[in-house]
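*Asks:* 3D model of this:
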Amino acid sequence: MAASRNNPWRTWLILAVVAGAGYWGYRQWKAKSANQSSAPTEFRTNRVTRGDITQSVTANGALNPVKIVTVGSQISGIITELAVDFNSLVKEGEVLAKIDPATYERQYARAEADLASAKASQALAQFNQKQARQLFDQRLISQTEFEQSDVALLQADATVKMREAALAEAKVGLDRTVIYAPISGVVISRRVEAGQTVAASFNTPELFQIANDLTQMQIEAAVSEADVGGVQEGQRVTFLVDAFPNRQFSGKVRQVRFAPTTNQNVVSYTTVVDVKNLDRKLRPGMTANASIITAERTNVIRVPNSALRFRPPEGAVIGSTNDVVAKSAGTNAPSSRPEGLPIPPWVAEGRRPTDEERKKFDETLTPEQREQMRVMRERMRAQMSQGGGPGGGGGMMAFGGGGAAASTADSPGIRTVYLIDSTASQPGKPVLQAVSVRTGISDGANTEIVEGLKEGEVVVTGVVVAETTATATSTTARPGSPLGGSPFGGPRMR
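*Replies:* Modelled structure (predicted):
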């Protein structure tokens, strides 16, 4: 009974502890939020440098000899002799293999006998025709009998020609029992063994493959349709093979074929690359991971691609803007604003407007100004769809054009980068300066700057996220909990 009377007090005690822990956790969360909101924004930066940029297109393909000949058999029979093996060096006309000639020798002998019989019949027909002419001249036989002797001679002559053709055919079949090398080169494949029977009834059986010259090879690389526009004949190519991962080989584009190849709805175009293989380290069938050099620049101004992708966070202060490059290119810079059109309030703040702000701003415009704004927004959208990014810190974001269209960070055109304005910045309150730049080629990590920046300038590449650590005695940090420890921010109750 005493234990049951104490239970309510224990329950109230537990509830009080839980409430106290929750209140303490709430205070800690408020303090952390206040610290995060008051923490100064820090930016990651990189210095503008000079260097080389190589723009390339990657493709894979198989290595093969430039000229490869498949040697087959046009007759059927048993392989009685093999004169070569894998990797054998052969010369044109050299014997590669022999097929049992017994059947074809008999066919040749029969053809010879048939020809001899036909010639004998021809001689008899000539004699009969000669006798018939003499008898006809003496009026001892009729003209019909004389003409029959002429026809018999013509038939005998035709039979001789037929037998001569049959003999020549038998000779060809007999000669084909010996397989000769059609070209000089290296035997890279042998598909028969001595004693094996080859049948050439329906198709030509493959016996050997001979590569003409292994010091001259080629890569048939598959280039995707998105990259083939930059690939041209004569461009330099570097590639690696798995057999020699630490050695880089080189070649040159010889041909870009027009015929497409579709594999699982992916369209690619075969690009033939000539490769010199003087030491014969490369072998037929190796897979080459090739990089086709489409453009190269040496000793140029370059910035990391992250600087082109950077956009200021909300609340960032944007000071002066350099839109000289964007203005000269006629892109969407602030200076391209039509005369008499008021500047939206969010332009000076360098942020994207909300739909409500844009709506209220449009309501303050006259019909003529609304038409100017509509025309300007349409021009901005068209320019951005063609690859020109927002220039000079203005553009569609500043004037409320909306839309998510933007050119990629790696494409050439007019881009915007941000510098820290040292003249306007204060401790803990950096001020950004938007700079329009003209970009060139990119290697995937860095982009060439043709105009707009100088070597040594510092560009912003990102925001440093400050992490505040709340300390609490007997508290264990738990992943996924912003306060650490228990959900109430205090010690975990057991």
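
*Asks:* With adjacent residues omitted, what lies nearest to residue 230?
*Replies:* Closest residue to residue 230 apart from its sequence neighbours, by Cβ to Cβ, 6 or more residues apart in numbering: residue 294 at 4.1 Å. Bear in mind the C-beta positions are built from the backbone N, C-alpha and C, glycine included.

*Asks:* wait, isn't that neighbour in contact with residue 53?
*Replies:* No: applying Cβ atoms under 8 Å as the test, residue 294 and residue 53 come out as separate, 11.5 Å apart.

*Asks:* And the two? Which one has more around it.
*Replies:* Counted by other Cβ atoms under 10 Å, residue 294 and residue 53 do not tie: residue 53 has more neighbours, with 21 against 18.

*Asks:* show me what contacts that one?
*Replies:* 296-297, 300, 302, 440-443, 446-448 (Cβ atoms under 8 Å, 6 or more residues apart in numbering).

*Asks:* Tell me the first helix or strand C-terminal of the helix or strand bottoming out on mean pLDDT in the chain.
*Replies:* In the chain, no helix or strand scores lower on mean pLDDT, DSSP states H and E than helix 395-399, which sits at a mean of 45. Later in the chain than helix 395-399, the nearest helix or strand by DSSP states H and E is strand 413-420.

*Asks:* Can I get that following strand as PDB, trimmed to CA atoms?
*Replies:* Output in PDB follows, covering the C-alpha atoms of strand 413-420 (Å, rounded to 0.1, in the frame of the first residue of the first chain):
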ATOM      1  CA  GLY A 413      30.500  32.700 -73.500                       C
ATOM      2  CA  ILE A 414      30.000  35.600 -71.100                       C
ATOM      3  CA  ARG A 415      30.000  34.500 -67.400                       C
ATOM      4  CA  THR A 416      30.000  36.100 -64.000                       C
ATOM      5  CA  VAL A 417      32.500  35.600 -61.300                       C
ATOM      6  CA  TYR A 418      32.700  37.300 -57.800                       C
ATOM      7  CA  LEU A 419      35.600  38.900 -56.100                       C
ATOM      8  CA  ILE A 420      35.800  40.200 -52.500                       C
END
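
*Asks:* name the helices or strands packed onto that strand?
*Replies:* Counting contacts by 3 or more Cβ pairs under 8 Å, 6 or more residues apart in numbering; DSSP states H and E, strand 413-420 packs against helix 305-309, helix 324-329, strand 431-442, strand 458-464.

*Asks:* List just the one of these that sits closest to residue 152.
*Replies:* Nearest to residue 152, of all these, is strand 431-442, at 87.9 Å by Cβ to Cβ.

*Asks:* Describe which strands the lengthiest strand in the chain pairs with in its sheet and in which direction.
*Replies:* Taking DSSP state E as the criterion, the chain has its longest strand at strand 244-263. Paired with strand 244-263 in the same sheet, following DSSP bridges, are strand 236-241 (antiparallel), strand 266-276 (antiparallel).

*Asks:* what's that strand in contact with?
*Replies:* Identification of contacts with strand 244-263 by Cβ under 8 Å, 6+ apart yields 218-219, 222-223, 225, 228, 231-241, 267-276, 281-282, 288, 290, 292.

*Asks:* Chain neighbours aside, what residue packs nearest to residue 88?
*Replies:* In this structure, residue 88 finds its nearest non-sequential neighbour in residue 187, 4.5 Å apart by Cβ to Cβ, 6+ apart.

*Asks:* Which pLDDT value does the model give residue 256?
*Replies:* Note for residue 256: predicted pLDDT of 96.

*Asks:* what's the distance between it and residue 204?
*Replies:* Counting by Cβ to Cβ, to the nearest Å, the separation of residue 256 from residue 204 is 33 Å.

*Asks:* Also residue 72?
*Replies:* 4 Å.

*Asks:* How about residue 258?
*Replies:* Distance of residue 258 to residue 204, given as Cβ to Cβ: 30 Å.

*Asks:* follow-up on the earlier one: filter the contacts of strand 244-263 down to the buried ones.
*Replies:* Among these, those buried by neighbour count (16 or more other Cβ atoms under 10 Å) are 218-219, 222-223, 228, 231, 235-241, 268-273, 275, 282, 288, 290, 292.

*Asks:* Which of the three states applies to residue 167?
*Replies:* Under DSSP: H, G, I helix; E, B strand; the rest coil, residue 167 falls in the helix class.

*Asks:* can you check residue 119 too?
*Replies:* Secondary structure assignment for residue 119 (three-state DSSP): helix.

*Asks:* Can you give me the domain assignment for this structure?
*Replies:* 43-49+308-464, 58-65+210-302, 78-207 (automatic domain parsing).

*Asks:* Including distance to residue 10, could these go into JSON lines?
*Replies:* Listed next are the domains of the chain as JSON lines, based on distance: least, Cβ to Cβ, whole Å:
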{"stretch": "domain 43-49+308-464", "distance to residue 10": "50"}
{"stretch": "domain 58-65+210-302", "distance to residue 10": "68"}
{"stretch": "domain 78-207", "distance to residue 10": "88"}
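
*Asks:* Can you say which of those is nearest to residue 16?
*Replies:* Of all those, it is domain 43-49+308-464 that lies closest to residue 16, at 41.1 Å by Cβ to Cβ.

*Asks:* what distance separates the start and the end of the closest one?
*Replies:* By Cα to Cα, to the nearest Å, the extent of domain 43-49+308-464 from end to end equals 5 Å.

*Asks:* Likewise for stretch 180-188?
*Replies:* End-to-end distance for stretch 180-188, by Cα to Cα: 16 Å.

*Asks:* how about it: buried residues?
*Replies:* 181-183, 185-188.

*Asks:* from the residues you listed, which single one is nearest residue 196?
*Replies:* residue 187 (16.6 Å).

*Asks:* can you pull the contacts of that closest one?
*Replies:* Applying Cβ under 8 Å, 6+ apart to residue 187 gives the contacts 84-88, 90, 96, 208-210.

*Asks:* ok, 10 Å please
*Replies:* Applying Cβ atoms under 10 Å, 6 or more residues apart in numbering to residue 187 gives the contacts 71, 84-90, 96, 181, 208-211.

*Asks:* Can I get the buried part of the residues you listed as one PyMOL selection?
*Replies:* Selection of buried members from those for PyMOL, criterion 16+ other Cβ under 10 Å:
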select buried, resi 71+84+88+90+96+181+208+209+210+211
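
*Asks:* The contacts of residue 187 into a markdown table, with extra columns for pLDDT?
*Replies:* Shown next, in a markdown table, are these (pLDDT from 0 to 100):
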| residue | pLDDT |
| --- | --- |
| 71 | 93 |
| 84 | 93 |
| 85 | 93 |
| 86 | 93 |
| 87 | 91 |
| 88 | 92 |
| 89 | 93 |
| 90 | 94 |
| 96 | 94 |
| 181 | 94 |
| 208 | 93 |
| 209 | 93 |
| 210 | 94 |
| 211 | 93 |
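
*Asks:* What about the contacts of residue 187, which are in strands?
*Replies:* Among these, DSSP E puts 71, 89-90, 96, 208-211 in strands.

*Asks:* Let's have those in TSV, adding distance to residue 9.
*Replies:* Output for the ones in strands among the contacts of residue 187, formatted as TSV (distance: Cβ to Cβ, whole Å):
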residue	distance to residue 9
71	102
89	103
90	105
96	105
208	100
209	95
210	100
211	96
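
*Asks:* which one among these gets closest to residue 171?
*Replies:* Distance ranking of the ones in strands among the contacts of residue 187 against residue 171, using Cβ to Cβ, places residue 96 first at 20.3 Å.

*Asks:* and residue 13, that one's in a strand?
*Replies:* No: counting by three-state DSSP, residue 13 is located in no strand; its state is helix.

*Asks:* quick one: low-confidence parts of the protein?
*Replies:* 1-7, 29-41, 315, 319-352, 378-412, 424-428, 465-494 (pLDDT under 70).
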